[in-house]
Every structure is written in structure tokens, then in C-alpha cells.
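[1] Structure for this input, please:
(one chain, ligands or ions: 1)
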Amino acid sequence: MDLGITGKTAIVTGAASGIGAGIASRLAEEGANVVVADINLPAAEAHAETIHAAGGVVLAVKANVTDADDVADMVERVVAAFGSVDILVNNAGLARDGRITKMSEEDWDLVLDVVLKGAFLCTRAVLPHMNQLKWGRIVNISSRAHLGNPGQANYSAAKAGIIGFTKAMALENGRNLITCNAVAPGMIDTPFVRAHPKWELIRDNAEKTTPVPRIGAAEDVADAVAFLVSERASYITGDVLHVTGGRY
Ligand SMILES: NC(=O)c1ccc[n+]([C@@H]2O[C@H](COP(=O)([O-])OP(=O)(O)OC[C@H]3O[C@@H](n4cnc5c(N)ncnc54)[C@H](O)[C@@H]3O)[C@@H](O)[C@H]2O)c1
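    You can find the predicted model right below:
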């Protein structure tokens, strides 16, 4: 299936690692110019090198998505390099888990800032370019945790919030043929979950309790994102696509 994104420019935030790296690689394979945007520049450059070696057109940019100046600089560099921005994937995210009575204000603020404020700042910065094009695709990476997870009040709130944000963006921007959808992954094998002290237990549980009996891969999420940013998904907006192997 031709996704129709050859030559389009896609910014993927948090693309130096895990799911974002998988999305960036997949969109490059589909012929998009890909921007590997991450707070960790050396890691972003390393992944960009991998994409380049595979024949992709790629630019690595250092950007902290919680910083409006960084985000503005990123978009300026992308427009200078590729002419515009057609696709934005708000993927940068992190967790700081803890029961609510033990959760610090810093951990609450950090998770909401990266996930929610980051998506706000990046979306606000790219929309003027998409409005000019009268075409655009925005995909926000939520999580199955939007349904609530014990020990993840900050993360669950942020990942539920991103769904409300997605729906508001779909309503505001549909007229300019800009769609906005969310992808909600379940347990995906990335450095983010491998860093968990109970990683092996988590993986074994996922294999036992997921209807499709395996832990997910970054490529599973990347395939869903590739579809949603494509021409094939032009009449889908404001929706949430779960990539969980059927596990809620
Ligand atoms: N792995 C999972 O099981 C899973 C499940 C559901 C949702 N998600 C979501 O998918 C996204 C990617 O997760 P992952 O598992 O690939 O994590 P990861 O830790 O492997 O990658 C996250 C990337 O985001 C970058 N990042 C962090 N803060 C940033 C900031 N302020 N500005 C720019 N970049 C920043 C990191 O440097 C890192 O490269 C996150 O939003 C996460 O919440 C992951």
C-alpha cells in the first residue's frame, strides 16, 4: 500500500530511542524526510546516522520539548532544511512512578510538562506551516495508561490529557485537512520499560496476559503511526488507536 508520504517532512520528538526511533525509521522507509528530535543530541545523531545509512533523508536536532525557544529553533531549522513541516509525531515522554502520597511535585510537573506541554508547544509551532500547506498530520503518543495505572497518577493523567488535546486539535484543524489522532501503546519493549526494576516480571506477565501473547515492539507502534500520517487515513481524526495486543 502506497502511504503517499514520499517527500513529506516529519518531525518525531523523542526519536533517539525506543518507539520514537522506530517511528522515525519507518517514516524514512516510506520516503519522508525525517527529523530525529530529542533532548539527547548524541543519541539523536546516532539514530539519524542509522537512518541515513539505510538510505533515508534525515536531520538530527536537539530539542527539549518543554522549552518554547528550543521548539521554535527546531521548527526554524526544519523549515530551512526541508521547506515546511507536514507531519508531527509528539512522542517524547517519560515516567516518574510512585504512589500519590509519595509523589513529589517535581515528578508530577516533569511528566505533565514533557507529555502535555511538550505536545502543546510542538503542535503550536508547526500548525502555521501546516495551515499554509492546507495539509497536515499530527499523531500524539498516549498510552494504555490513560485508563489509569496504580503508581502512575502523573503519567495516567498526562496520557489521558493528551487524548483530550488530540480531540480538540482534530476539531480546530480539520477544515485545513489537518488530522490529529492518538496512538495508545500497551507494553512495548524499549529502554523505557527495560529500565524498570521489575522488567523481567513485567515482560513475563505481558506474555501470559496479553491476548496476542507477546510484548509489543516499537515497530508495532510505528506501523500504526505510519498509517495515521498517510493519505490512506485522511478521513480519520480525533481518534485513539490502541496498539496493545488486546490487553487493557
Ligand atoms: N514503552 C512502552 O511500553 C510505552 C507504552 C505506552 C506509551 N509509551 C510512550 O511512548 C513514548 C516513547 O517511549 P519509549 O518507551 O520509546 O521511551 P524511551 O525512554 O526509550 O524514549 C523516550 C525518548 O524521549 C526523549 N525525551 C525525554 N524527555 C524529552 C524532552 N523533554 N524533550 C525531548 N525529548 C525527550 C528521551 O531522550 C528518549 O530518547 C513515550 O511518550 C511513552 O510514554 C511507551
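
[2] Residue 220: what secondary structure?
    helix (DSSP: H, G, I helix; E, B strand; the rest coil).

[3] neighbouring strands for the longest strand along the chain, and are they parallel or not?
    In the chain, taking DSSP state E as the definition, the longest strand is strand 178-185. Applying DSSP bridges to the sheet, strand 178-185 is found paired with strand 136-141 (parallel), strand 240-243 (parallel).

[4] Contacts only, for the residue located most distally from the centre of the chain.
    Taking Cα atoms, centre = their mean, the residue of the chain most remote from its mean C-alpha position is residue 101, at 29.5 Å. If you count contacts by Cβ atoms under 8 Å, 6 or more residues apart in numbering, residue 101 has none. For glycine as for every other residue, the C-beta is placed from the backbone atoms N, C-alpha and C.

[5] Return the residues of the protein in contact with the ligand.
    For the chain, the residues in contact with the ligand (Cβ under 6 Å from any ligand atom) are 13-14, 16-20, 38-40, 43, 63-66, 91-94, 114, 118, 141, 143, 185, 187-188, 190-193.

[6] Filter the residues you listed down to the buried ones.
    Neighbour-count burial (16 or more other Cβ atoms under 10 Å) applied to the residues of the chain next to the ligand gives 13-14, 16-20, 38-39, 43, 63-66, 91-93, 114, 118, 141, 143, 185, 187-188, 190, 193.

[7] Count the residues that sit near residue 27.
    When neighbours are defined as other Cβ atoms under 10 Å, residue 27 has 31 of them.

[8] Now do it against residue 150, distance only.
    Going from residue 27 to residue 150 by Cβ to Cβ, to the nearest Å gives 35 Å.

[9] Could you list every helix and strand in contact with the top helix by length along the chain?
    What stands out as the longest helix in the chain, according to DSSP state H, is helix 153-173. Packing partners of helix 153-173 (3 or more Cβ pairs under 8 Å, 6 or more residues apart in numbering; DSSP states H and E): helix 105-112, helix 118-133, strand 136-141, strand 178-185.
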